[in-house]
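K.L.:
return a 3D structure for these sequence lines:
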Amino acid sequence: IAQRLKVESDIILPRDLMLSLATQPPRSLQELEARMGPLQLRFRLYGEAIFQTLTQNRKRPS
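P.N.:
Residues are numbered from 1 along each chain as shown. All right, here's what the predicted structure looks like:
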């Protein structure tokens, strides 16, 4: 998302949250929303795309 928008990744998500989501992906969009906590504007703007990215990465073979 950040690459497509040509912004630093922490504009989309703080790095600590990004690492947390990458290591323990949310199982649902609702869980992602809860974990994003006070970042509700970012969730509304990018939540679905973030969740899709995490889901696609989880489905890829190792």
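K.L.:
what's downstream of the helix or strand bottoming out on mean pLDDT in the chain, the next helix or strand?
P.N.:
Across the helices and strands of the chain, mean pLDDT, DSSP states H and E gives its lowest value to helix 2-5, namely a mean of 79. Downstream of helix 2-5, the first helix or strand assigned by DSSP states H and E is helix 9-12.
K.L.:
pass me the low-pLDDT residue ranges in this structure, would you?
P.N.:
Scanning the chain for pLDDT under 70 picks out 57-62.
K.L.:
what's the neighbour count on the nearest residue in space to Met36 that is not next to it in sequence?
P.N.:
Of all residues not flanking Met36 in the chain, Phe43 sits nearest, at 4.6 Å (CB to CB, 6 or more residues apart in numbering). All C-beta atoms are positioned from the backbone trio N, CA, C, and that covers glycine. Counted with other CB atoms under 10 Å, the neighbours of Phe43 add up to 20.
K.L.:
tell me which element Phe43 falls in.
P.N.:
Take DSSP H and E as the rule and Phe43 turns out to sit in helix 40-59.
K.L.:
with only the CA atoms kept, save that helix in PDB.
P.N.:
Provided in PDB are the C-alpha atoms of helix 40-59 (Å, rounded to 0.1, in the frame of the first residue of the first chain):
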ATOM      1  CA  GLN A  40      -9.400   4.000  13.200                       C
ATOM      2  CA  LEU A  41      -9.000   6.400  10.400                       C
ATOM      3  CA  ARG A  42      -6.100   4.300   9.000                       C
ATOM      4  CA  PHE A  43      -8.300   1.200   9.500                       C
ATOM      5  CA  ARG A  44     -11.100   2.700   7.500                       C
ATOM      6  CA  LEU A  45      -8.700   3.800   4.800                       C
ATOM      7  CA  TYR A  46      -6.500   0.800   4.600                       C
ATOM      8  CA  GLY A  47      -7.900  -2.000   6.800                       C
ATOM      9  CA  GLU A  48      -9.300  -4.200   4.000                       C
ATOM     10  CA  ALA A  49      -6.200  -3.900   1.900                       C
ATOM     11  CA  ILE A  50      -4.000  -4.700   4.900                       C
ATOM     12  CA  PHE A  51      -6.100  -7.700   5.800                       C
ATOM     13  CA  GLN A  52      -6.100  -9.000   2.200                       C
ATOM     14  CA  THR A  53      -2.300  -8.700   2.000                       C
ATOM     15  CA  LEU A  54      -1.900 -10.600   5.300                       C
ATOM     16  CA  THR A  55      -4.400 -13.300   4.100                       C
ATOM     17  CA  GLN A  56      -2.600 -13.700   0.700                       C
ATOM     18  CA  ASN A  57       0.700 -14.000   2.500                       C
ATOM     19  CA  ARG A  58      -0.700 -16.700   4.800                       C
ATOM     20  CA  LYS A  59      -2.000 -18.800   1.800                       C
END
